[in-house]
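Visitor: I'll drop the sequence and a predicted model, then ask my questions.
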Amino acid sequence: CPRCMQCDTKFDFITRKHHCRRCGKCFCDRCCSQKVPLPRMCFVDPVRQCAECALVSQREAEFYDKQLKVLVSGATFLVTFGKSETPETMVCRLSNNQRFLVLDGDGHYEIEITRISTMRILTEGLPPGGGSARASGMLLQYGVPGSEGVSQLTLTAGEDANASKRPAAAWLAAMHKAAKLLYESRDQ
Ligand SMILES: [Zn+2]
Ligand SMILES: [Zn+2]
């Protein structure tokens with residue numbers, strides 16, 4: 001492209017062309033000067049972005065940070081492994097390096113995030129006329145190293161422990177959003 005897509009300045013030897021690392025369009029230096037982290041694309045250092053993308057990325061980074069704190073601090077759930085009938089009370093959290101889902105109760109389990117193949121949010125009280133239902137649990141399917149097939153577990157926000165239900169719902173919401181970003185970045 002011969003001109004800045006924002007201000008229409010013509011590119012030459014002095015006015016150099018830059019690409020926004022997010023949308024890939026061409027801009028002059030002035031219109032593409034902000035360097036903002038782009039966590040979902042695995043750039044570790046802030047990268048050059050146009051004004052429009054910088055704003056979106058900035059919000060995304062803030063949002064991501066906030067969700068991450070919720071996920072790492074964890075919440076209490078009733079956890080059902082596979083087809084077991086008896087749920088266990090466990091604390092679920094994201095490991096500090098963000099690579100594992102950690103479950104702590106009588107036992108200790110770690111599930112590698114990249115091995116999770118399905119993540120479905122379970123809702124309760126789905127309004128018949130539409131609207132947003134509240135997340136009450138999550139179903140995960142994942143591969144276990146050294147074994148074939150897929151394992152499954154269900155997290156449910158405790159029924160009778162209302163005090164711990166709110167952090168559980170917040171944790172589920174954060175996990176859902178984080179998964180969305182994860183899958184989006186996988187598709188690119
Ligand atoms: Zn852009
Ligand atoms: Zn420009």
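Guide: Nice, thanks for sending it over. Numbering: from 1, shown residues only. Ligands and ions are numbered 1, 2, ... in the order given.
Visitor: residues near residue 168, how many?
Guide: 24 (other Cβ atoms under 10 Å). Where you see a C-beta, it was placed from the backbone N, CA and C, and this is true even at glycine.
Visitor: Which residue is the nearest non-sequential neighbour of it?
Guide: residue 157 (3.8 Å; Cβ to Cβ, 6 or more residues apart in numbering).
Visitor: pLDDT below threshold where in this protein?
Guide: Applying pLDDT under 70 to the chain picks out residues 39-44, 125-133, 159-165, 181-188.
Visitor: tell me the contacts of the residue nearest to residue 168?
Guide: 77, 78, 135, 136, 137, 164, 165, 168, 169, 172 (Cβ atoms under 8 Å, 6 or more residues apart in numbering).
Visitor: quick one: it from residue 141, how far?
Guide: Distance of residue 157 to residue 141, computed by Cβ to Cβ, to the nearest Å: 19 Å.
Visitor: what do you get for residue 106?
Guide: From residue 106 to residue 141 the distance is 23 Å (Cβ to Cβ).
Visitor: How about residue 108?
Guide: On the measure of Cβ to Cβ, residue 108 and residue 141 end up 21 Å apart.
Visitor: Mind checking which of the two has more residues around it?
Guide: Shown here are residue 108 and residue 141; by other Cβ under 10 Å, residue 141 has more neighbours (15 against 9).
Visitor: I'd like to know how many residues surround residue 176.
Guide: 15.
Visitor: SS state for it?
Guide: helix (DSSP: H, G, I helix; E, B strand; the rest coil).
Visitor: same deal with residue 85?
Guide: Secondary structure, three-state DSSP: residue 85 is coil.
Visitor: now swap in residue 79 and tell me
Guide: strand.
Visitor: My guess is it contacts residue 91. True?
Guide: No. Look at residue 79 against residue 91 with Cβ atoms under 8 Å: they stay out of range, at 9.5 Å.
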